[in-house]
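**Student:** need a structure here:
(one chain, ligands or ions: 3)
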Amino acid sequence: MILTETPPGTPPTTPGAPSATIPPAANWRTLPAVQQPTWSDPALAARVMDHLALQPSLTAPADVRRLGAALAHVSAGRAFLVQAGDCAEPVGAAGLAAVRGKHRVIGEMAEIISSAWNAPTVTVGRIAGQYAKPRSQPQETVDGRTLPVFRGSMVNAPEPDPAARRHDPRRMLTAYHTARGVLGELHLIAHETASGQLSELWAPDAEPWTGQLPTRPWDGTLRSIVRDYGQTRRTDGTWRRTGMWTSHEALVLDYEQAFVRLDPFTGEHYLLSTHQPWIGERTRQTDGAHVAFAARIANPVGLKVGPDADPATVVELCRRLDPHRRPGRLTLITRMGAARVRDRLPRIVRAVEEAGHEVVWACDPMHGNTVTEGGRKTRHLSAVHDEIRGFFEVLRRAGQWPGGVHLEVAGDHVTECLGDHGPKDAAGLARAYRTLCDPRLNDDQARATAGLIADLIARG
Ligand SMILES: O=C[C@H](O)[C@H](O)COP(=O)(O)O
Ligand SMILES: C=C(OP(=O)(O)O)C(=O)O
Ligand SMILES: [Mn+2]
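**Tutor:** Ligands and ions are numbered 1, 2, ... in the order given. The predicted structure follows:
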């Protein structure tokens, strides 16, 4: 859908006056934007952006609104958010090949949590767009050579080579086309699931295939969300996986701006590169470009909140990003670290509650628990689990719903995180350490984590 043309009924614009056809998020360009690529060919970058702005969007406003409605149910304690996927997605054929594994593992997690709790999950992949990475340092030294760091496949390539590490604007095109392919794959999976062609995706006693593809009317009820858009649903005691929403960190604003499109039916601007963008810990400056960008779009938005965020700053960010205090508009993804979650989180939860924002509280137990062992980034499953326990303790004590989890998981048996179901020590990491950036839970660790969450929810 291309919505850059003047929609019907738009009054003629006076020269120089703000135009309804110019997405308002464009004003981010006047503000400082950190962690942006320095494109090797700025003129080519401009041409790529113009080209992308004319390409079909990757998501549709109506679907984005449905996710917003689903997240409102999460904020009210009626559903649980399972958000997971790669730290950095691969592009091209490797990106497509990885989709089914991730869909399966994330679906299993959602199912474990849903069935223990007997209530729906809203499932969101870090998928179909997670191609850009903020980094702690601009450079790294590999085998004695100092190189620009890998910043995600939308920007440069991971190979430790100066040419590969150049910020090539053509990569934005590869990212877009891969995202389209990934979405196609997700749609295919949803149809195969609905038609019963993927027998392993059906519970043994699911209803027989009737020959009809499901129609997807939106009647505004929770049941409709669960039936049509949840990762799992309950039908007469059986569970079935269906769709998966998409999300990624809205980091490279040149790329994201190309997908800000006007919905002529509502007059709102949507970011249609994804369903739910989030703002990262390194780019959430109150007066920065990323916050201004996210403030002007109608999507549900995520915001990472780390251990050094003070409550007043978080409240100010909530004010900017959720000025109308719309339930589910904002998901606060807390990533405090196991050692600090019990100390840092309570004041933030209290301040946000007092300010009247009905946010989704989600726990990212990965990014505050990264350590280096034997020269590789890793995470101890025990620390990941401890942060989840701490998150539940804090939210429960505050009388709030611990609404979701945000994880980095792989679709297969990688050896990137230490502990149960994975390598016991640094030497064991090497066997299948395949991540492009941060260490992910493997399939068994992801299921064990879902089991822990199911226990914590069931305990009440
Ligand atoms: O995924 C998140 C960040 O990009 C990542 O944790 C940063 O890692 P770095 O400290 O290796 O740059
Ligand atoms: C960059 C990430 O996290 P954070 O912004 O919380 O560090 C991430 O989610 O990969
Ligand atoms: Mn990461």
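**Student:** Get me the contact residues on the protein for ligand 2.
**Tutor:** 87, 134, 280-282, 304, 335, 367, 438 (Cβ under 6 Å from any ligand atom). Using the backbone N, CA and C atoms, a C-beta is placed for each residue, glycine as well.
**Student:** Dump those residues into a markdown table; add neighbour count as well.
**Tutor:** Formatted as a markdown table, the residues of the chain next to ligand 2 follow (neighbours: other Cβ atoms under 10 Å):
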| residue | neighbour count |
| --- | --- |
| C87 | 22 |
| P134 | 18 |
| G280 | 22 |
| E281 | 19 |
| R282 | 17 |
| K304 | 23 |
| R335 | 24 |
| H367 | 21 |
| D438 | 18 |
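**Student:** biggest helix in this structure by residues?
**Tutor:** Identified as the longest helix of the chain according to DSSP state H is helix 171-195.
**Student:** Show me what it is packed up against.
**Tutor:** Applying 3 or more Cβ pairs under 8 Å, 6 or more residues apart in numbering; DSSP states H and E, we find helix 171-195 packed against helix 42-53, helix 93-97, helix 99-117, helix 253-257.
**Student:** and with 6 Å instead?
**Tutor:** helix 93-97, helix 99-117 (3 or more Cβ pairs under 6 Å, 6 or more residues apart in numbering; DSSP states H and E).
**Student:** how big is the angle separating that helix from helix 42-53?
**Tutor:** 20 degrees (axes from the mean of the first three to the mean of the last three Cα atoms, to 10 degrees).
**Student:** mind listing what's buried in helix 171-195?
**Tutor:** For helix 171-195, a neighbour-count test (16 or more other Cβ atoms under 10 Å) marks 171-176, 178-179, 181-183, 185-186, 189-190, 193-194 as buried.
**Student:** try stretch 255-272
**Tutor:** So for stretch 255-272, counting by 16+ other Cβ under 10 Å, buried means 255-264, 268-272.
**Student:** for stretch 311-328, same thing?
**Tutor:** So for stretch 311-328, counting by 16+ other Cβ under 10 Å, buried means 311, 313-315, 317-318, 321-322, 326-328.
**Student:** If we only consider these, which is nearest to A97?
**Tutor:** For the buried residues of stretch 311-328, the closest approach to A97 (Cβ to Cβ) belongs to G328, at 33.2 Å.
**Student:** Looks like that closest one contacts L71 (just checking).
**Tutor:** Yes. Counting by Cβ atoms under 6 Å, L71 is a contact partner of G328 at 3.5 Å.
**Student:** Find the residues that touch each one of the two.
**Tutor:** Residues touching both G328 and L71 (Cβ atoms under 6 Å, 6 or more residues apart in numbering): P300.
**Student:** where exactly do the strands run in the stretch 351-460 of the chain?
**Tutor:** 360-363, 371-373, 376-378, 404-408 (DSSP state E, counting those that start in this stretch).
**Student:** Which stretch among the ones you listed approaches ligand 3 most closely?
**Tutor:** Among the strands of the stretch 351-460 of the chain, the nearest to ligand 3 by Cβ to the ion is strand 404-408 (5.5 Å).
**Student:** What pairs with the closest one, parallel or antiparallel?
**Tutor:** Sheet pairing for strand 404-408, assigned by DSSP bridges, gives strand 80-85 (parallel), strand 360-363 (parallel).
**Student:** In the buried residues of stretch 255-272, which has the lowest confidence score?
**Tutor:** Minimum pLDDT for those is recorded at P264 (88).
**Student:** Of the buried residues of stretch 255-272, which belong to helices?
**Tutor:** Those of the buried residues of stretch 255-272 lying in helices (DSSP H): 255-257.
**Student:** Next, format the residues you listed as TSV and append distance to ligand 3.
**Tutor:** Converted to TSV, those look like this (distance: Cβ to the ion, whole Å):
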residue	distance to ligand 3
Y255	18
E256	18
Q257	23
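**Student:** Buried residues, stretch 115-124. List them.
**Tutor:** Result for stretch 115-124 [16+ other Cβ under 10 Å]: buried residues 115-117, 119-124.
**Student:** and of these, the nearest to ligand 3?
**Tutor:** V124 (15.5 Å).
**Student:** Just the pLDDT for the closest one.
**Tutor:** So V124 comes in at 94 (pLDDT).
**Student:** Over to S19?
**Tutor:** 40.
**Student:** go on, M366?
**Tutor:** Listed pLDDT for M366 reads 99.
**Student:** again, but for W117
**Tutor:** According to the model, W117 scores 75 on pLDDT.
**Student:** was I right about it contacting I457?
**Tutor:** Yes. Contact status for W117 versus I457: in contact at 4.8 Å, counting by Cβ under 6 Å.
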